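# Sequence plus the predicted model coming up.
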Amino acid sequence: MPHKPTPFARAPFAGSGVLALLVLFAGCSVSPLAKHTAAFSSVTNLVVDNSENAYRDAVRLHDQEQMVAAVAKYDTDPTWDPHKIQIKHLIDDQGLAVRSQVLDGLKLYAQSLSDLTNSISSDRLDAAAASVGNNLVALSSNIGNVSSGGFTISQTQANLASTVLNALGQFLIGKKVKSQVPAIIKNMDPTVETICQLLNDDITILRRQSHNDYEQLLVQQDSFIRHAQGLSPVERRAEINKLPQILADQQTTDDMLADLQGTLGKLALTHHALAAAAQNNNPESLKDRLGELEAAAQRLSKFYYSLPAS
Amino acid sequence: MAKTGARATTPKTVAPTTEAATTLTPKTVAPTVTGTPGLTDQQTIDAYQDLYDTLGRAYWDASDLHSKDTIQGARDAVYDIITELDEKELEANTEKFQTLVGTIKATNKALAEIQAQINQITKNISTAGSVLSAINKVLQFTSAL
């Protein structure tokens, strides 16, 4: 069974000491922010997808109500003409397009935040830093071939150089994120709250309108049954069975919209928490700070031990 | 809302369903232009909605077809009024959403610029590796001479 090398086997001088310093160096990370951005991104995806479905379903239901109401006039209007049926969408195309822009923009914002705050540790950075160390070893060997007085670099030293570069990259990225992203999040907080409020207002309207659309469909179906003279008992029973089904659909739709309103509240709160974390303005900040140091240590240690031993 | 099978009533106000939703405030309403004088848009809609629901109960309570048709005729008219008010509110919200588009686009652009700067940091480290690799190739060539 292969023996796992200890830090001293790799860095005889001060392997663990250097790593500890690098941890402090790279510890300027954004892990509490990353935790909140991941939560925010997750809730945002839920809200955006469900909101788009809610708009689509409400518009379709209202179209259906108008179509059924138009068909119901067939027997009472001798000049009834299907070409003359006019459907007016509950929300016009421009209204839907604007809402889509806002929702898609919110989704992109959440995804970008999540990507940025998680980009501190990336495979690309690891690969770039490892490449420098490997090339340093090769360089040392090649200089030895052309000049007897050249310098030599051991694999352990090259590994440390790679780890230093990795830490430097993490530090620079963390600094970039910490210096610019919190202000953006803070500025966006009122906008996110406004979006949530507007969506909430919209959904209140959709709940009322959907309720009424289903009520109209229910009565149109009931009126059809009561006026229909030529239905067989089986046909009549099938038509009557549709009445409780319409009521069930009405309830399901309202439950779904009510859930969405609840999720909107969570979205606004999650962004508030994100903004507070970005400003280091929460009681968990010390704990988070210790956690991010630990995470930085784990990242660097993992990277260091992923490098070739000799 | 009533459960399936019971007489349904309509939610008239913002009704958060979870504790988290309590941060969302009830809708601010402006005095109406099209509604009843002295009433806000929301009060007008609520009044019509009450009438609509009352007529709905009357429809199902009516025992003869003629009465049902008469009641529903009146209810259809109320439905049309509420629908028109709902459409106008949604249109007004469209304008409010429109004002947010620019802010969101600008924010996403700023985030994209930061992402580009971060990519540049990784690229710079990668470039250092490439330079060393190029020097190695030259040295390999030199040592072979």
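Okay, I see it.
# Which residue ranges of chain A form helices?
Secondary structure of chain A by DSSP state H: the helices cover A:7-10, A:15-26, A:31-72, A:93-118, A:123-146, A:155-227, A:233-278, A:285-306.
# Name the stretch from these where average model confidence is lowest.
Among the helices of chain A, helix A:7-10 carries the lowest mean pLDDT, at a mean of 42.
# buried residues in stretch B:68-75?
Buried residues in stretch B:68-75, counting neighbours by 16 or more other CB atoms under 10 Å in any protein chain shown, are found at B:68, B:71-72, B:75. Bear in mind the C-beta positions are built from the backbone N, C-alpha and C, glycine included.
# what does stretch A:92-108 give?
Buried-residue list, stretch A:92-108, by 16+ other CB under 10 Å: A:95-96, A:98-99, A:101-103, A:105-108.
# From the chain's centroid, how far away is it?
16 Å (CA atoms, centre = their mean, to the nearest Å).
# give me the number of residues near the residue of chain A found nearest chain B?
Nearest residue of chain A to chain B (CB to the nearest CB) works out as A:G265 at 2.8 Å. Residue crowding around A:G265 was assessed by other CB atoms under 10 Å in any protein chain shown; the count is 20.
# That one and A:Q101: what is the separation?
23 Å (CB to CB, to the nearest Å).
# Report how many residues lie close to the closest residue to B:A112 other than its chain neighbours.
Using CB to CB, 6 or more residues apart in numbering or on different chains and skipping the chain neighbours, the partner closest in space to B:A112 is A:S112 (6.9 Å). Neighbourhood size, A:S112 [other CB under 10 Å]: 22.
# cool, B:A77 as well?
By other CB under 10 Å, neighbour count at B:A77 equals 12.
# which strands and helices sit next to the helix or strand hosting it?
Assessed by DSSP states H and E, B:A77 sits inside helix B:65-144. For helix B:65-144, the packing partners by 3 or more CB pairs under 8 Å, 6 or more residues apart in numbering or on different chains; DSSP states H and E come out as helix A:93-118, helix A:123-146, helix A:155-227, helix B:41-61.
# and of these, who's closest to A:F40?
helix A:93-118 (5.4 Å; CB to CB).
# and the closest one, what other elements does it pack with?
helix A:31-72, helix A:155-227, helix B:65-144.
# Pull the distance from it to the chain's centre.
10 Å.
# the inter-axis angle of it versus helix B:65-144?
40 degrees (axes from the mean of the first three to the mean of the last three CA atoms, to 10 degrees).
# Out of the buried residues of stretch B:68-75, the closest to chain A would be?
Using CB to the nearest CB, the buried residues of stretch B:68-75 come closest to chain A at B:Q72, 5.5 Å.
# I'd assumed A:L199 was in contact with B:K96.
No. Contact criterion CB atoms under 8 Å: B:K96 and A:L199 do not qualify, at 10.7 Å.
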